[in-house]
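Compute the structure for the input listed below.
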Amino acid sequence: MSLSADQQLDRVIDSGSLSGAFFLHGEASRLRDEAARRLADAALDPPTRDFNLDVFRGGDVTPEAIASSLAMPPVMAPRRVVVLYDAERLTPTACSVVESAITKLPGDVTFIVTATIPQRSKKAFYKRLRDGATSLEWKAPRHAEIPGWLIERAPERFGVAIAPDAARALAGAVGADLGLLEAELEKLAGAAQGDRIGIELVTSLVPNVREVNRWEWVDDVAARRYAKARRPLTTLLAAPGESAVGLLIALIEHHLLLGIAVEGGAGLVGRTLDRIRKPYLKFKARTLAEQARGWTIPEIDSALRSLLAADRRAKTGASDRECLEELLLSLEIEHRRRDCA
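Numbers count the residues shown, from 1 in each chain. As a prediction, this is how the structure comes out:
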């Protein structure tokens, strides 16, 4: 996730090793390009900045301009910085110039290249950039990860905390567009009274906050409030990009973590998330531990089998609402049957 790339970049900047080639890529373009500017600022000597910085765009620059800029020595400074945005738009000749440059870059040059690599691209240019430069990737988080990203990003970027319910509401209103999420976070941080963003502030300032969002709905299912979870299905599925398959994946992931909480509580959940490199989901550990008190491992296994069966039905053309409604009813009936046994 992109926050990890930001943290890696912080370590690079703190190390002071700022010469050489850097390849910043990923679909979170706003955060990636902001990171490129931050790296350039750190590498430049402020008094001579105007003499030692060249900025190019892949769709506009000529191969000759790139080669000439990289060949110039710094002016009264320890290094020169060349930033090339949107490398995916370079001509084949310009790509060759960039590939050649990173193999023989002068020690007093910082060359920063950014790109959005097309999906399933096998272009050798990107592999050579990854291999020949310090490579950092700004990934957009998956739906399940967005509230955790907001909870980590708010203090890191804006010096304020955001409550988990506020993060879920903001994620439900905005979706996975990190640029828009960042803009809304900045607005909320500026309006916050004190050092915390609460649900009331999100509700009052962010458009399209929904009555129900997927994270609260998943918590309702995990807490076995099945009748409550059935009621908002129409509203939930009307959200842009929402589907039964997406919600079922979220439920499967949550129930797997719930099983870990049954085995070892919040501590084991936290250690597991660290081990699988998802520390941004730790905010859920306490809630998972509370929900786990109502479950046993055999019940988790049974629920997962039901979830996987529902996932297969959803992928073979069953109506989204019908698929989820049948699942929730079957889970409720099974839970009541076990209680009566």
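
drop to CA atoms for contacts and neighbour counts, all remaining ones
Fine.

just how off-centre is stretch 204-224 within its chain?
19 Å (CA atoms, centre = their mean, to the nearest Å).

What residues sit buried inside stretch 307-327?
Within stretch 307-327, the residues that count as buried by 16 or more other CA atoms under 10 Å are 307, 310-311, 313-314, 320-321, 323-325, 327.

Now do the strands for the chain: every range, in order, please.
20-25, 53-57, 80-85, 109-115, 134-137, 161-162, 196-197 (DSSP state E).

My guess is residue 270 contacts residue 278. True?
No. Judged on CA atoms under 8 Å, residue 270 makes no contact with residue 278 at a distance of 9.1 Å.

Of the two, which one has the most company?
Shown here are residue 270 and residue 278; by other CA atoms under 10 Å, residue 270 has more neighbours (23 against 16).

Report the contact partners of the more buried one.
279, 282, 285 (CA atoms under 8 Å, 6 or more residues apart in numbering).

The residue lying closest to the second one once chain neighbours are set aside and residue 148: what is the separation?
Leaving aside its chain neighbours, residue 282 sits nearest to residue 270 (5.7 Å; criterion: CA to CA, 6 or more residues apart in numbering). Residue 270 sits 13 Å away from residue 148 when distances are taken as CA to CA, to the nearest Å.

one step back: please name whichever of the strands of the chain is nearest to residue 218.
Closest to residue 218 of the strands of the chain is strand 161-162 (CA to CA; 20.0 Å).

so what secondary structure elements neighbour the closest one?
Here strand 161-162 is seen to pack against helix 146-153, strand 196-197 when contacts are counted using 3 or more CA pairs under 8 Å, 6 or more residues apart in numbering; DSSP states H and E.

So what touches the longest one?
When you say that, I think you mean helix 146-153. Contacts of helix 146-153 (CA under 8 Å, 6+ apart): 3, 141, 161-164, 167-168, 170-171, 176, 280-283.

ok so, going back, what's the lowest-pLDDT member of the contacts of residue 270?
Scanning these for pLDDT, the low point is residue 279. It has 77.

Touching, that residue and residue 273? I think so.
Yes. Contact criterion CA under 8 Å: residue 279 and residue 273 qualify, at 5.3 Å.

before we move on, back to that, could you take the buried residues of stretch 307-327 and lay them out as TSV, with extra columns for pLDDT and distance to residue 85?
Output for the buried residues of stretch 307-327, formatted as TSV (pLDDT from 0 to 100; distance: CA to CA, whole Å):
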residue	pLDDT	distance to residue 85
307	96	44
310	94	44
311	93	41
313	92	44
314	92	41
320	93	41
321	93	44
323	94	45
324	96	44
325	95	48
327	96	48
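
what's the distance between the residue nearest to residue 282 and residue 288?
Counting by CA to CA, the gap from residue 270 to residue 288 is 11 Å.

hmm, back to that, redo the strands of the chain as CSV? Include distance to residue 92 and mean neighbour count.
Putting those into CSV (distance: least, CA to CA, whole Å; neighbours: other CA atoms under 10 Å) gives the following:
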stretch, distance to residue 92, mean neighbour count
strand 20-25, 18, 24
strand 53-57, 15, 17
strand 80-85, 15, 24
strand 109-115, 15, 24
strand 134-137, 21, 19
strand 161-162, 45, 24
strand 196-197, 48, 20
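
With distance to residue 125 as new columns, can those strands be given to me in CSV?
Formatted as CSV, the strands of the chain follow (distance: least, CA to CA, whole Å):
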stretch, distance to residue 125
strand 20-25, 11
strand 53-57, 17
strand 80-85, 14
strand 109-115, 11
strand 134-137, 13
strand 161-162, 40
strand 196-197, 43
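
Could you export these as TSV, including mean pLDDT?
Shown next, in TSV, are the strands of the chain (pLDDT from 0 to 100):
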stretch	mean pLDDT
strand 20-25	96
strand 53-57	97
strand 80-85	97
strand 109-115	97
strand 134-137	94
strand 161-162	96
strand 196-197	95
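
burial of residue 86, as a residue count?
Around residue 86 there are 19 residues (other CA under 10 Å).

for this protein, what are the low-confidence residue spans?
1-3, 341 (pLDDT under 70).

now with 80?
In the predicted model, the chain carries pLDDT under 80 at residues 1-4, 140-144, 176-179, 240, 277-280, 339-341.

what residue lies at the spatial centre of it?
residue 141 (2.4 Å; CA atoms, centre = their mean).

Would you agree that one is in contact with residue 177?
No. Assessed by CA under 8 Å, residue 141 is found out of contact with residue 177, at 9.1 Å.

Contacts only, for residue 23.
Residue 23 neighbours (CA under 8 Å, 6+ apart): 112-115, 129-130, 133-136.

For residue 340, state which of those residues is nearest.
residue 136 (54.5 Å).

Setting aside sequence neighbours, what's the nearest residue to that closest one?
residue 24 (5.0 Å).

what's across from that neighbour in the sheet?
Using DSSP bridges, the bridge partners assigned to residue 24 are residue 114, residue 136.

Can you tell me how far it is from residue 5?
9 Å.
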